[in-house]
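Trainee: Just to be clear, the model below is a prediction. Sequence and coordinates:
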Amino acid sequence: MVIAGEARLNARIQGRGMTSSRTRARMVDRLRKQGITDEKVLEVIANTPRHIFVDDALESRSYDDMALPIGHNQTISQPYIVAKMTEILLENGHLSKVLEIGTGCGYQTAILAPLVDKIYTVERIAPLVKKAKDNLWDLKLKNVSYLHSDGGWGWPEQAPFDGIIVAAAPEEVPETLLQQMAVGGVMLIPVGSKNQQQLYKITRTEKGYENEILEAVSFVPFLSGRD
Ligand code: SAH
């Protein structure tokens, strides 16, 4: 019976038709045209079944370049933005310890996991933590620790981090997250109101923090507390 379960899981991961590796390859071609150049990132995206992260009814749209609902009023991020943020996060070289705020269904986590040593991911909605854990377990990604918490607190026991990636937009950068950056570390975070947000790339230096504004983005709001 275990074997039958394994076979079913493998078939689901592999996908077919609109969820096959050919559809994923087309998505990767599109990402190249949109300006993504890091081959390592593109390879991981080509090998990661985005369809297992969305509800069955939406599977056939899982390789379109759009955010899709994952329940609880939340979305799986658009492939372009996942690719872009991953590429920028890795720009300065290898990362050993990454903090992710806003695990959601775990797609961004699954793209980062093969490219860094260890990810600490925080999500405020309990059923999404479970969903992400299940998805990454199915994909045999083991270098991830999960926390059900308000990401505004970061993960103090594990700080400092050499990379921080945030998937929900606060009105201002949380001070606590700045404090949990290592010197030389990078944080990518969308900042702004519901309708107007900019993606910030913040670098911590010996002297303080440098901030570069990258592009206009659209994320769900950063909420406080746990659900
Ligand atoms: N990374 C996901 C995107 C999920 S959407 C992906 O790859 O698709 C953003 C997520 O951030 C939601 O699940 C939402 O619940 C979560 N979130 C919002 N504010 C948060 C906070 N303060 N702490 C932790 N998670 C938060």
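Mentor: Looks like it came in fine.
Trainee: C-alpha from now on. contacts and neighbour counts both.
Mentor: Fine.
Trainee: now the helices for this protein?
Mentor: 2-14, 21-33, 39-47, 79-89, 107-112, 126-138, 175-179 (DSSP state H).
Trainee: Lowest average pLDDT across these?
Mentor: Within these, confidence is poorest for helix 2-14, with a mean of 85 (mean pLDDT).
Trainee: And stretch 24-40, what's buried?
Mentor: Under the neighbour-count criterion of 16 or more other Cα atoms under 10 Å, stretch 24-40 has 24, 25, 27, 28, 30, 31, 32, 36, 38 buried.
Trainee: Distance from that stretch to the middle of the chain?
Mentor: Computed by Cα atoms, centre = their mean, to the nearest Å, the separation of stretch 24-40 from the middle of its chain amounts to 17 Å.
Trainee: that older thread, and among the helices of the chain, the most buried is which?
Mentor: helix 107-112 (a mean of 24; mean count of other Cα atoms under 10 Å).
Trainee: OK, contacts around the residue nearest the centre of the chain?
Mentor: The chain has residue 108 as the residue nearest its centroid, 2.3 Å off, counting by Cα atoms, centre = their mean. Counting by Cα atoms under 8 Å, 6 or more residues apart in numbering, residue 108 touches 77, 82.
Trainee: Those residues of the chain touching the ligand, which are they?
Mentor: By Cα under 6 Å from any ligand atom, the residues of the chain that approach the ligand are 74-77, 101-108, 122-125, 150-152, 167-168, 220, 222-224.
Trainee: re earlier: nearest to residue 210, out of the helices of the chain?
Mentor: Closest of the helices of the chain to residue 210 is helix 175-179, at 11.1 Å (criterion: Cα to Cα).
Trainee: Please enumerate residues in contact with the closest one?
Mentor: Helix 175-179 is contacted from outside by 152, 153, 154, 160, using Cα under 8 Å, 6+ apart.
Trainee: now, among these, which is nearest to the ligand?
Mentor: Comparing those against the ligand with Cα to the nearest ligand atom places residue 152 closest, at 5.1 Å.
Trainee: is it true that that closest one touches residue 173?
Mentor: No - assessed by Cα atoms under 8 Å, residue 152 is found out of contact with residue 173, at 9.3 Å.
Trainee: higher neighbour count, these two?
Mentor: Neighbours per residue, other Cα atoms under 10 Å: of residue 152 and residue 173, the larger number sits with residue 152, 19 against 16.
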